[in-house]
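J.: My questions concern the predicted model and sequence given below.
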Amino acid sequence: MTDTSVIPPVEGMEVSLNARPTAVAKNAVYNYVTLGLGALIGFVVTPIMLSSLGTTAFGVWWLILGTVGYLSLLEAGLGFATITRVAALEAKGASALNTVLATSLGMCLCIAAGGMLITAALAIAFPALFDVPADLADDARIALLLVGAWQMFGFVLLVLTASLVGTGRMYLVTLSGSLVSALASAAQAVALLSGGGLRSIAAIQLVGGIVTIAVFRWQLRRVLPTVKFKLRAFDRPTAKRLLGLGWRNSVYSVASVLAFGSDVILVGLLLDAKAAAAFAIALRAYTLLRGLSMGVLSAIGPAHSHAAHHSTAERRFRLYCLATLATLCLAAFGALTVGLFASPLLNLWLGDFPAEASTILVVLCAVLILHTPGYNAAALLLASEQAGELMRITLLAAGINVLASIVFTLTAGSIGPALGSLVAVTLVDAVYLPLRICRMLGQPYSELLRRVLLPLALPVSLLIGVLLAGKVVAGSGVWVLAVTAAGALAYFVTLWHTSTGREVRLLLRSKGLAAT
């Protein structure tokens, strides 16, 4: 049997891994494995960071990460565009791929150089922007420079990632990247326990980025030895093509960051680092829940793309309903469990934590459930090559979210951005985007509700009953874990033995996706 993970020259590839259902499933499984590993690392490292740095410095660290995160928007959608072109040109051989990758790398290096200049300016202004205490100001500046350099190396990493993902090898990216990230997080924990601070963990972050580049480059040489990165192969028409493909996705990414990725920064700007720390703690838990709930979409995306060209509107609608049902199954369990036991779970995880964090987390759990239909709608629109329409919708959501978040933060405190997100996802993700999909596919909104909400009525009712009973009997301590385990058993066993379970299992099988 041929080892499909190592295929010598690109020209020798008869069938792309992107066309193999087993490869799609493999990518999805590895995605969940890495999510689980990331969750484990986060659960271990976050309490160490909070206790070692203190609430204020912990908030400053998250403000640094959030500030540097905005620099990722400089890539102007090149990552998405490069993946798309690599997947499209793979069959044409190494020469075509090398031109695309060399062009993308040259553009990313220019962006990285400009990004370092912006990073230096941000480092100077950072303490004043976020009212950082004087004893942390110098450490914050140096840490921001180091993390900014890590982000600039990320632009080089973007091209290597596109090479692997574009040829159907997402599993190599997720596995290798998560292992290096786990080692870096462990090193940060050791540094903090040894008395280190912001500078130490930022330096480790930078080293982790450099090691990730080396690992990805080794992986690429191993599986695609004919792929080269020679800047002399830079091609202007190719650069224009990449920018043309990427700009809509870039605007969509900018809008998404403004809508849902600027919350910690907003709290830091309008309030202080301690308030930002409270929001960051809740956001860390929410991000984990969202990743576990939406991770299945990595396997469904190619099915949406195939259905857009080869299936009827009814079958596309059925696939959308099934995808929404599958993700909502996971989102409902996670959100209800964590939302009802937010305070005791945070206490078990972190010990002492800012009191506002549990209230913020409850609101974010509601956001997660309401966000699910829109998240699936966005996946369908992107797979159907309708990024332009999605861009306009996301810009609208971003405007609503930011405006509402500012108003709520000024009036209600650190919970403000969570309330702003709740308003935005209710209007856009729970109502407008699903309605848009229903109209596009010629189906009534009531049919979507029937297919998605009705099958979950019994399992969710049982889950809520178990959790509420457990909250009365054992509302704190380690008994909370026993209650959540009992709720999980009742919920998933019920799902498994209903038509819902059969539909979801069908969805997750490659043959079921094809049949849909």
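T.: Everything's here; your move.
J.: Show me the shaky parts of the stretch 301-450 of the chain.
T.: 301-310, 383-388 (pLDDT under 70).
J.: can you pull out the helices in it?
T.: Using DSSP state H, counting those that start in this stretch, the helices assigned to the stretch 301-450 of the chain run over residues 313-340, 342-350, 356-383, 387-412, 416-424, 433-440, 445-453.
J.: mind checking which of those is nearest Val460?
T.: helix 313-340 (5.7 Å; CB to CB). Bear in mind the C-beta positions are built from the backbone N, C-alpha and C, glycine included.
J.: what comes up buried for that closest one?
T.: 316-340 (16 or more other CB atoms under 10 Å).
J.: Not counting residues beside it along the chain, what's closest to Glu356?
T.: Spatial nearest neighbour of Glu356, excluding adjacent residues (CB to CB, 6 or more residues apart in numbering): Ala278 at 4.3 Å.
J.: Report the helix or strand with the lowest average pLDDT across the chain.
T.: Ranked by mean pLDDT, DSSP states H and E, the weakest helix or strand in the chain is helix 510-515, scoring a mean of 43.
J.: Tell me how the protein divides into domains.
T.: 8-247, 262-516 (automatic domain parsing).
J.: How far does the first one sit from its chain's centre?
T.: So the one you mean is domain 8-247. 13 Å (CA atoms, centre = their mean, to the nearest Å).
J.: same thing with stretch 267-279?
T.: The answer for stretch 267-279 is 22 Å, by CA atoms, centre = their mean.
J.: Can you get me the start-to-end distance on it?
T.: 8 Å (CA to CA, to the nearest Å).
J.: pLDDT on it, on average?
T.: For stretch 267-279, the mean pLDDT works out to 90.
J.: Mind listing what's buried along that stretch?
T.: 267-279.
J.: Go through those residues and flag which are in helices.
T.: Using DSSP state H, 267-270, 273-279 are the members of the buried residues of stretch 267-279 that sit in helices.
J.: related to what we said a few turns ago, how far away is the residue nearest to Glu356 from Ala418?
T.: Distance, Ala278 to Ala418, by CB to CB, to the nearest Å: 11 Å.
J.: next one: Met294
T.: Taken as CB to CB, the span from Met294 to Ala418 is 18 Å.
J.: Looking only at neighbour counts, state which of the two leads.
T.: Neighbour comparison, Met294 and Ala418: the larger count goes to Ala418, with 28 against 21 (by other CB atoms under 10 Å).
J.: ok, now which ones touch that one?
T.: 263, 279, 282, 360, 363-364, 367 (CB atoms under 8 Å, 6 or more residues apart in numbering).
J.: of those, closest to Asp131?
T.: Phe279 (15.6 Å).
J.: I'd say Ser421 and Ser405 touch.
T.: Yes - assessed by CB atoms under 8 Å, Ser421 is found in contact with Ser405 at 7.1 Å.
J.: where do the contact lists of those two overlap?
T.: By CB under 8 Å, 6+ apart, the residues touching both Ser421 and Ser405 are Asp263.
J.: pLDDT at the residue sitting nearest the centre point of the chain, what is it?
T.: Geometric centre of the chain, nearest residue: Gly291, 6.2 Å, by CA atoms, centre = their mean. pLDDT recorded at Gly291 is 80.
J.: Tell me how far it lies from Leu322.
T.: 20 Å.
J.: Leu410: neighbouring residues, count only.
T.: So Leu410, with other CB under 10 Å, has 11 neighbours.
J.: give the contact list for the residue nearest to it when sequence neighbours are not counted.
T.: Excluding the flanking residues, the one nearest Leu410 by CB to CB, 6+ apart is Leu270, at 6.4 Å. Leu270 is in contact with 406, 409-410, 416, counting by CB under 8 Å, 6+ apart.
J.: ok, now Leu345?
T.: 338, 480.
J.: do Tyr491 as well
T.: Tyr491 neighbours (CB under 8 Å, 6+ apart): 333, 459-460, 462-463, 466.
J.: where does Gly196 fall, phi/psi-wise?
T.: Recorded main-chain torsions at Gly196 are phi -70, psi 170, according to degrees, to the nearest 10.
J.: and the gap between it and Phe43?
T.: From Gly196 to Phe43 the distance is 21 Å (CB to CB).
J.: Compare neighbour counts for the two and give me the winner.
T.: Gly196 (19 against 14).
J.: do you know how far that one is from Ile204?
T.: The value you get for Gly196 to Ile204, if CB to CB is used, is 9 Å.
J.: ok, now Gly114?
T.: Counting by CB to CB - Gly114 and Ile204 are separated by 25 Å.
J.: who has more neighbours, these two?
T.: Remark: of Gly114 and Ile204, Ile204 carries more neighbours, 23 against 12, as counted by other CB under 10 Å.
J.: quick one: that one and Ala187 touch, right?
T.: Yes - contact criterion CB under 8 Å: Ile204 and Ala187 qualify, at 4.8 Å.
J.: re earlier: now the angle from the helix or strand containing the residue nearest to the centre of the chain to helix 416-424?
T.: Using DSSP states H and E, Gly291 maps to helix 273-294. On the basis of axes from the mean of the first three to the mean of the last three CA atoms, to 10 degrees, helix 273-294 is oriented at 40 degrees to helix 416-424.
J.: Report the inter-axis angle for helix 273-294 versus helix 356-383.
T.: Using the same axes, to 10 degrees: helix 273-294 against helix 356-383 is 40 degrees.
J.: Could you tell me the angle between helix 273-294 and helix 342-350?
T.: 100 degrees.
J.: May I see the contacts of Tyr491 organised as a markdown table, with distance to Arg222 and secondary structure added?
T.: Shown next, in a markdown table, are these (distance: CB to CB, whole Å; DSSP: H, G, I helix; E, B strand; the rest coil):
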| residue | distance to Arg222 | secondary structure |
| --- | --- | --- |
| Phe333 | 39 | helix |
| Pro459 | 44 | helix |
| Val460 | 46 | helix |
| Leu462 | 49 | helix |
| Leu463 | 45 | helix |
| Val466 | 49 | helix |
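J.: Let's see if you can find the most crowded of those residues.
T.: Leu463 (26 neighbours).
J.: Excluding sequence neighbours, find me the nearest residue to that residue.
T.: Tyr491 (4.3 Å).
J.: go on, Tyr286?
T.: Nearest to Tyr286 is Leu364, by CB to CB, 6+ apart, at 4.1 Å.
J.: Would you confirm that the one you found contacts Leu283?
T.: Yes - contact status for Leu364 versus Leu283: in contact at 7.1 Å, counting by CB under 8 Å.
J.: who's more crowded, the two?
T.: Leu364 (28 against 24).
J.: ok now do the more buried one, which residues does it touch?
T.: Contacts of Leu364 (CB under 8 Å, 6+ apart): 282-283, 285-286, 418, 421.
J.: how about those residues in TSV, adding distance to Trp349?
T.: As requested, the contacts of Leu364 are exported to TSV (distance: CB to CB, whole Å):
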residue	distance to Trp349
Ala282	12
Leu283	14
Ala285	8
Tyr286	13
Ala418	19
Ser421	22
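J.: Can you pick out the most distant pair from these?
T.: Ala285 and Ser421, at 14.5 Å, using CB to CB across those.
J.: Great, nothing more from me.
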